[in-house]
Every structure is written in structure tokens, then in C-alpha cells.
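Colleague: Structure, please.
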Amino acid sequence: MGAKDSALIGAAGEHLVLSRLLTRGLLAAQAPRGTRKVDILVNFIDGGSPCLIQVKSRSKGGSKGWHMNAKHELIRDDDLFYCFVDFEPETPEVYVVPAAVVGETLERGHAIWLATPGKQGQAHNQTAFRRLLSDDKNSEPDWLNQYLENWDQLVPRR
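Modeller: The predicted structure is shown next:
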């Protein structure tokens, strides 16, 4: 997939998440481009503190995972959620996951990967690359399914 295709998939993911939020009666808008940590801002009509959403999108092929970075291990804000959009199924799916869960999962998975020898028995080198997998062998089976379209987590914090 080229850079242009990747950008289009990312934009499509953001618009899909916006659509899902708006149809649930939540006030949601795209954050200004380049805003640190956030793609979508969510406010609640009945008050309460807003929440923030970062969208990660994937299309067909590959590892059935989403590319992340070492910095995502450290982002564990209570008001931040990741929406992992999967365009591979005929009907796209969105996993709504709290940032703390993402950070812990990435940190644990990377530590296990570093401690596990490579294909020829060699040690893995440190890297900033991370991948969140739906079928992560280091987590409970189908661990991500509890977050599938789980929009009820987005509740106003007072």
C-alpha cells in the first residue's frame, strides 16, 4: 500500500468513527491536523468532561494488527481511547480500547518479543516499532473482542 493509500485509509477510519459517535448522539469533531495524541474530540450534551480518541486503521492483508510506536506504551490517560478500525471484514469493525489497556498490552508484548529468540535463535534488537494484534498470543484468546463496538465506555466523567 502506498503512502497515499495509507492516508486515505486513515481518513476513512476517522470518518467512520465520527459517524459511529454522531449516530449515538455524542458530540464529536475532528481535532485540528497535527494535534498531539488526538484525532477526535468528544463532548457530552449532558455535561461532564470530554474524552479524546485516537484512530488507528488497517485494511486487508498483513498481520491483522495495527502499527504503533514505543511512545504509545506511555500514553495511559483516563480520558483517551483508541478506536482500532478494521476494514478487512465486509462490514468494517471498530474496537474501542482505553489508552491504559493499549499501553499495558504493547509494553507486555514488546517485552515478551525481546525475550524470545528470533527464527535463527538470535536476540531481537530494541526497536520503537510496536504492533497491536487482535490475536495476540501473549494475551487472553480473543481479548480484543470485549472492545468490539464497545461505545458504552465513552461516558461523561464528572
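Colleague: Okay, buried residues for the longest helix along the chain please.
Modeller: Longest helix in the chain, counting residues (DSSP state H): helix 3-23. Buried residues in helix 3-23, defined by neighbour count with 16 or more other C-beta atoms under 10 Å: 9-10, 12-14, 16-18, 20-21. Backbone N, C-alpha and C define where each C-beta goes, glycine included.
Colleague: Same question for stretch 148-158.
Modeller: Neighbour-count burial for stretch 148-158 flags 151, 154 (criterion: 16+ other C-beta under 10 Å).
Colleague: What lies in contact with that stretch?
Modeller: The set of residues external to stretch 148-158 that reach it, using C-beta atoms under 8 Å, 6 or more residues apart in numbering, is 20-21, 24, 26, 42, 44, 46-49, 51, 78-79, 81, 93-96, 98.
Colleague: what do you get for stretch 20-35?
Modeller: With contact meaning C-beta under 8 Å, 6+ apart, stretch 20-35 is reached by 14, 17-18, 38-45, 52-53, 94, 149, 151, 154.
Colleague: To which secondary structure element type does the spatially closest residue to residue 132 that is not a sequence neighbour belong?
Modeller: Among residues not flanking residue 132 along the chain, residue 66 sits closest, at 4.8 Å (C-beta to C-beta, 6 or more residues apart in numbering). Using DSSP: H, G, I helix; E, B strand; the rest coil, the structure places residue 66 in strand.
Colleague: shaky segments in the protein?
Modeller: 1-4, 61-63, 136-139, 158 (pLDDT under 70).
Colleague: Helices of that one, start to end?
Modeller: Assigned by DSSP H, the chain shows helices spanning 3-23, 71-74, 99-115.
Colleague: CSV please, covering those helices and showing distance to residue 131.
Modeller: Below are these laid out as CSV (distance: least, C-beta to C-beta, whole Å):
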stretch, distance to residue 131
helix 3-23, 15
helix 71-74, 11
helix 99-115, 8
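Colleague: Identify whichever of those helices lies nearest to residue 87.
Modeller: helix 3-23 (6.7 Å; C-beta to C-beta).
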